[in-house]
Every structure is written in C-alpha cells, then in structure tokens.
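>>> Next input, structure requested:
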Amino acid sequence: MSTGLLTRGARRPAPAPIDPRLRARRDEVARDRGRRRLHRLVVAVVVVAAVAAAGLAVRSSLLDVDHVVIRGATHTGHDQALRSTGIPRGRSMVSVDLAAAQARLVRLPWVARATVVRQWPGTVAVNLVERRPIAVVGRGSHLMLVDRGGRVLGPAHGAAAYPSVSPASVGAGQQLGPAGRSLLTVVAGLPGPLRRQVVRARTSRTGVTLVLDDGVIVRWGDPSRTEAKAEALGALLVQAGRPTIATIDVSVPTAAALTRKNAGGP
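Model (predicted):
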C-alpha cells in the first residue's frame, strides 16, 4: 500500500483553527440575515392587518354618508339639488361618485357650476353657483327667465325688471336659438342703467330693435359694436325734450340720429 494513503483507523489531522475575527464576521452575517427575515415578516403582517382594517372600515357604518350639505341653491331649491346628487344617506363615503354627482347638478336649469367634495368622516358638501337672469322669453303669463348665454332658467316672477326678448315657447333648461342669443348679446352688452330701460327686444329684416320704457324705439341694426352704439344711444337720450323722441337710430353709431313725434314719428 502506498505510503501517501491513510491506513484504516489512522487519525485525520486536526482542522486549522479559525481566525476569531472571521468567526465573528460569520456570526454577524447570520444575525443580519435573521433580522432581515424577521423584518420582512413583520412588514407583511402589518400590511395584511392594515388592508384588513381598511376593508372593515370601508364596510363600517362609521364611514357612511350621514349628511349631504347643499349650499348656493337659492333658485334651484334644496330638495331638487339633493335629489340630483344621487347620493343617499347610508352610502359608503368611498363609493360616492363625485364627478357623476357634479354632472347631474349642472344639468339643472339654474346651475352654472357645481362642486361636490367629501368631508370625512360622513359628510358630502355640495356648492352651487347659479346663473344670473338677464331677460325674459315667452308669451303672456308663460314668461321664463333666461341668462346671457340663452339658457332658459325657470318661470319669471317679477318679470317687469327684465326686458322681453323674442317671444317663444320654451321650457326650463332649454337653449335659445341663434336669433334669441343675438338679442341677448345686445341686451347683455348695455350698461346697467340703460338695460333697465329696455322693455322689449326683437329682430326684423333691418336688424335688432329695442323698445324703451317710455315708448322710444331704438333701431340698433346688427348685434355688433355694442359699446359704440350704447354710447351713442346714451348721448341722444339725455338731450332736452326726451318725451318728444319717437325713434333713435344707432345702427351706424358715428351717424346716430333721432326723430321726434311732431316730425312724423316712426
């Protein structure tokens, strides 16, 4: 047998001793590995617990809608606005569709803008900005208020405060046609004191005609150059002898002219 081989039963040589620093480093690595495993386990448990708690909270009555607060519904009416939100009490706060509620609200005749927000833990706040009437449309006792954009708002109460434009049968929430909107452009462009004198605005083959509260007929022409025409009209109205004025023509504002009742009238 070769002398290079160990004989059976021969004692193996003892392993070389490990450097204490290397052993300490190995122990530290093992401890770090254990700590990382423990940290991951703790994080996983916390996440699972948080998700479970969130799920329970969402289904809990503690986060249900307790109140829907409506602000700014002067003409719209509180109950009508509340119904239009489509948000019943008891619905989960997180399931409330804010965008859908806003879209329903702006379809109401008077509502120009709507904001719907959650106020935790149990309130939905609705803020409305309503449209401003500028004229009335319709006939007889069926007069409807309309805003400067041609949106029909609702029945006119105290309609004498607004000029009447292009009589038509229209319902709340509808939009006036191009002819009606042209008249509104003229009326809306008038300075407040002058607009309050207009009782009627109509269109004809010659353009827009205004009738003032003292019977003066204003031939306006097309809806353009509102500012210049209003300035010319105001200058002629303050002349002496206004009760004798029959018509004023401002269709060409740089050549505005009037006729008087004793000169043949309109």
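>>> So what pairs up with the closest residue to residue 241 other than its chain neighbours in the strands?
Nearest non-adjacent residue to residue 241, counting by CB to CB, 6 or more residues apart in numbering: residue 260, 7.2 Å away. Backbone N, C-alpha and C define where each C-beta goes, glycine included. Beta bridges link residue 260 to residue 245, judged by DSSP bridges.
>>> list the contacts for residue 260?
241, 244-246 (CB atoms under 8 Å, 6 or more residues apart in numbering).
>>> just the buried members of these?
Neighbour-count burial (16 or more other CB atoms under 10 Å) is assigned, among the contacts of residue 260, to 245-246.
>>> Settle this for me: residue 261 is touching residue 247, isn't it.
No. Assessed by CB atoms under 8 Å, residue 261 is found out of contact with residue 247, at 9.4 Å.
>>> Compare neighbour counts for those two and give me the winner.
residue 247 (18 against 15; other CB atoms under 10 Å).
>>> so what pLDDT did residue 36 get?
Residue 36 carries a pLDDT value of 78.
>>> count of residues packed around it?
There are 10 residues near residue 36, going by other CB under 10 Å.
>>> Helix, strand or coil: sort out it for me.
helix (DSSP: H, G, I helix; E, B strand; the rest coil).
>>> cool, the one 4 residues further on as well?
The assignment at residue 40 comes out as helix when based on three-state DSSP.
>>> Mind listing the residues bridging to the residue nearest the centre of the chain?
With distances taken as CA atoms, centre = their mean, the residue of the chain nearest its centroid is residue 113 (3.0 Å). Residue 113 has these beta-bridge partners by DSSP bridges: residue 129.
>>> Identify the residues contacting it.
Applying CB under 8 Å, 6+ apart, the residues contacting residue 113 are 106, 128-129.
>>> residue ranges of the strands in the stretch 51-200 of the chain, please?
Along the stretch 51-200 of the chain, counting by DSSP state E, counting those that start in this stretch, strands occupy 67-71, 111-119, 123-130, 133-139, 142-147, 152-155, 164-165, 198-204.
>>> now the second one and strand 123-130, what's the angle there?
For the pair strand 111-119 and strand 123-130, the angle between their directions (axes from the mean of the first three to the mean of the last three CA atoms, to 10 degrees) equals 160 degrees.
>>> Output strand 111-119 in PDB with nothing but the alpha carbons.
Extracted in PDB, the C-alpha atoms of strand 111-119 (Å, rounded to 0.1, in the frame of the first residue of the first chain):
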ATOM      1  CA  VAL A 111     -76.900  75.700 -12.000                       C
ATOM      2  CA  ALA A 112     -73.900  77.100 -13.800                       C
ATOM      3  CA  ARG A 113     -71.200  75.300 -11.800                       C
ATOM      4  CA  ALA A 114     -71.200  72.600  -9.100                       C
ATOM      5  CA  THR A 115     -68.500  71.300  -6.700                       C
ATOM      6  CA  VAL A 116     -69.000  68.100  -4.700                       C
ATOM      7  CA  VAL A 117     -66.400  67.100  -2.100                       C
ATOM      8  CA  ARG A 118     -66.100  64.600   0.700                       C
ATOM      9  CA  GLN A 119     -65.700  65.900   4.200                       C
END
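>>> returning to that earlier point: just the buried ones out of the contacts of residue 113, please.
residue 128.
>>> In CSV, list the contacts of residue 113 along with pLDDT and distance to residue 146.
As requested, the contacts of residue 113 are exported to CSV (pLDDT from 0 to 100; distance: CB to CB, whole Å):
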residue, pLDDT, distance to residue 146
106, 96, 17
128, 97, 19
129, 97, 17
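>>> for the contacts of residue 113, which one is nearest residue 197?
Closest approach to residue 197 among these (CB to CB): residue 129, at 28.7 Å.
>>> I am finished for the moment; much appreciated.
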